[in-house]
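# sequence? don't have it. structure:
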């Protein structure tokens, strides 16, 4: 079995396992106590904090450990907003942030605050100028991820941080996806991370608040972790998290070169092996181990099951899953194809043989899914000079399949009107037009669902 979902979580690094087992025996006491066992626990906690701070690039007293990366994000955003409430209640986020950031933004907005969501280009990257344009006199906080969790695109954190600093606005960086590969550059103000992303145990996050940043921890007061993370510290897990961060950083430069070569192999060969594929994300400014592509006329969930049966664990940002019928917010913001989406994220140690076997298996898996999803004869009628395709009640990728089957039935310059009540069609039909060099005219209301207009160009 080949595990290709490292962007979600990776197994314990051997160093983390050793540190965890050792600290279970030595770090069980309360580090706030003055007796021998407590002092021993305090020494372990202090050493872990020093090690983590050294890898992050911050002062020891700026870093606290939390119960998860999500908790670190929520605590950081809430505390920074509360600390600057006299400045205003305006929050800036990018459209491709992790859900933990977007959920915090929703909560802020529901409480009467205002939120500006900065868009991205088709590669998933924000423009620093867009952040500068979003800054206002009442902006209390801006948030920007260091790298995207779905497509691997790295963000211009240093440039955005400089613009925010010039305006006196703190920038919170969600570095969960990138922290194992190296420190985050730039003059950021707050930073969060999650240990299970770099080979530490789950249930450990970190929050860094730079000195001088106005911060007011929310919730009942607690004496632990500078009052920013309530509850008894999970000391064995914290020690393991810090030890694994130091260990993966020592290996990162060499491993990054190796994984980049493997992901480049996937990026270049998948479009040649599988027809009708769009590789998404920035081809250069991206994390080493992530490559993401979308396949036309494919149900993403079915494809993931097929690959699982072949021995490959991958993930998807596709709109076609049983848990959700809406497109991935990241793919939607990028304006790229969402159907049949596959994210391959290679963990450290992935072999070239495993990648070659994946490339051998993928074409057959995609072809098999496409065969299973062969569209029925489309319900098409001609109304004046417009061919109407009724795809109501049919889920992704059927509306696009039916559009593809009838586009050749109309003369060049004529329109096809696709009726669909699947929200994914709003993203996938324009993406199909871009891939097939047809004109996406736009959408218009319909008695049921939405009508999407496509003009045949060739």
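Looks like it came in fine. Every value quoted in this text rests on a predicted model; they were computed, and no experiment measured them.
# for residue 92, helix, strand, or coil?
strand (DSSP: H, G, I helix; E, B strand; the rest coil).
# nearest residue to it other than its sequence neighbours?
Distances taken as Cβ to Cβ, 6 or more residues apart in numbering put residue 142 closest to residue 92, at 4.1 Å, once the chain neighbours are dropped. The C-beta positions use only the backbone N, C-alpha and C, and glycine is treated the same way.
# for that neighbour, give me its contacts.
By Cβ atoms under 8 Å, 6 or more residues apart in numbering, the contact set of residue 142 is 91, 92, 93, 131, 134, 135, 160, 164, 169, 170, 171, 172.
# need the next SSE after the helix or strand containing it, C-terminal direction.
Element membership for residue 142, per DSSP states H and E: strand 139-143. The helix or strand immediately downstream of strand 139-143 is helix 157-166, counting by DSSP H and E.
# next, the angle from that following helix to strand 139-143.
170 degrees (axes from the mean of the first three to the mean of the last three Cα atoms, to 10 degrees).
# can you list contacts of helix 157-166?
126, 128, 131-132, 135, 142, 144, 146, 170-171, 173, 184-189.
# sort out for me which of those residues are in helices.
Counting by DSSP state H, the contacts of helix 157-166 place 128, 131, 132 in helices.
# which one of those residues is nearest residue 153?
Nearest to residue 153 out of those is residue 128 (Cβ to Cβ; 14.2 Å).
# confirm for me that the closest one is in contact with residue 156.
Yes. Contact between residue 128 and residue 156 holds when scored by Cβ atoms under 8 Å: they sit 5.2 Å apart.
# more crowded one of those two?
residue 128 (20 against 17; other Cβ atoms under 10 Å).
# how close does the more buried one sit to residue 76?
22 Å (Cβ to Cβ, to the nearest Å).
# in this structure, which helix or strand is least confident?
When the helices and strands of the chain are scored by mean pLDDT, DSSP states H and E, strand 380-383 comes last with a mean of 48.
# how about the next helix-or-strand element following that one: buried residues?
As assigned by DSSP H and E, the chain's next helix or strand after strand 380-383 is strand 386-390. For strand 386-390, burial by neighbour count (16 or more other Cβ atoms under 10 Å) applies to 387, 388, 389, 390.
# now swap in stretch 191-210 and tell me
Going by neighbour count (16+ other Cβ under 10 Å), the buried part of stretch 191-210 is 191-209.
# ditto for stretch 71-87
71-81, 83-84, 87.
# pipe those residues into JSON lines and attach secondary structure per row.
JSON lines is the format used below for the buried residues of stretch 71-87 (three-state DSSP):
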{"residue": "71", "secondary structure": "helix"}
{"residue": "72", "secondary structure": "helix"}
{"residue": "73", "secondary structure": "helix"}
{"residue": "74", "secondary structure": "helix"}
{"residue": "75", "secondary structure": "helix"}
{"residue": "76", "secondary structure": "helix"}
{"residue": "77", "secondary structure": "helix"}
{"residue": "78", "secondary structure": "helix"}
{"residue": "79", "secondary structure": "helix"}
{"residue": "80", "secondary structure": "helix"}
{"residue": "81", "secondary structure": "helix"}
{"residue": "83", "secondary structure": "helix"}
{"residue": "84", "secondary structure": "coil"}
{"residue": "87", "secondary structure": "coil"}
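# TSV for those residues, including distance to residue 178 and pLDDT?
Shown next, in TSV, are those (distance: Cβ to Cβ, whole Å; pLDDT from 0 to 100):
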residue	distance to residue 178	pLDDT
71	19	97
72	15	97
73	15	98
74	20	98
75	20	97
76	16	98
77	19	98
78	23	97
79	22	97
80	20	98
81	24	98
83	26	97
84	26	97
87	29	96
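# closest one to residue 368 out of those, please.
residue 73 (39.5 Å).
# run through the residues that contact that closest one.
98, 100, 101, 104, 172, 174, 192.
# one more time with 6 Å, if that's ok
100, 101, 192 (Cβ atoms under 6 Å, 6 or more residues apart in numbering).
# the last one sits in which helix or strand?
Okay, so that is residue 192. With DSSP H and E as the test, residue 192 turns up in strand 190-194.
# orientation of that strand relative to helix 157-166 in degrees?
Using the same axes, to 10 degrees: strand 190-194 against helix 157-166 is 140 degrees.
# what packs against strand 190-194?
Applying 3 or more Cβ pairs under 6 Å, 6 or more residues apart in numbering; DSSP states H and E, one finds that strand 190-194 contacts helix 69-83, strand 171-174, strand 205-209.
# turn the ones you listed into JSON lines, columns for distance to residue 338.
Output for those, formatted as JSON lines (distance: least, Cβ to Cβ, whole Å):
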{"stretch": "helix 69-83", "distance to residue 338": "24"}
{"stretch": "strand 171-174", "distance to residue 338": "22"}
{"stretch": "strand 205-209", "distance to residue 338": "29"}
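# and the top helix by length along the chain, what does it pack against?
Of all the segments of type helix in the chain, defined by DSSP H, the longest one is helix 235-273. Applying 3+ Cβ pairs under 6 Å, 6+ apart, we find helix 235-273 packed against helix 14-26, helix 36-56, strand 277-280, strand 290-295, helix 352-372.
# make a markdown table from those and add distance to residue 449, mean neighbour count and mean pLDDT to it.
Formatted as a markdown table, the helices and strands packed on helix 235-273 follow (distance: least, Cβ to Cβ, whole Å; neighbours: other Cβ atoms under 10 Å; pLDDT from 0 to 100):
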| stretch | distance to residue 449 | mean neighbour count | mean pLDDT |
| --- | --- | --- | --- |
| helix 14-26 | 50 | 17 | 94 |
| helix 36-56 | 49 | 17 | 95 |
| strand 277-280 | 25 | 22 | 94 |
| strand 290-295 | 23 | 27 | 95 |
| helix 352-372 | 24 | 17 | 94 |
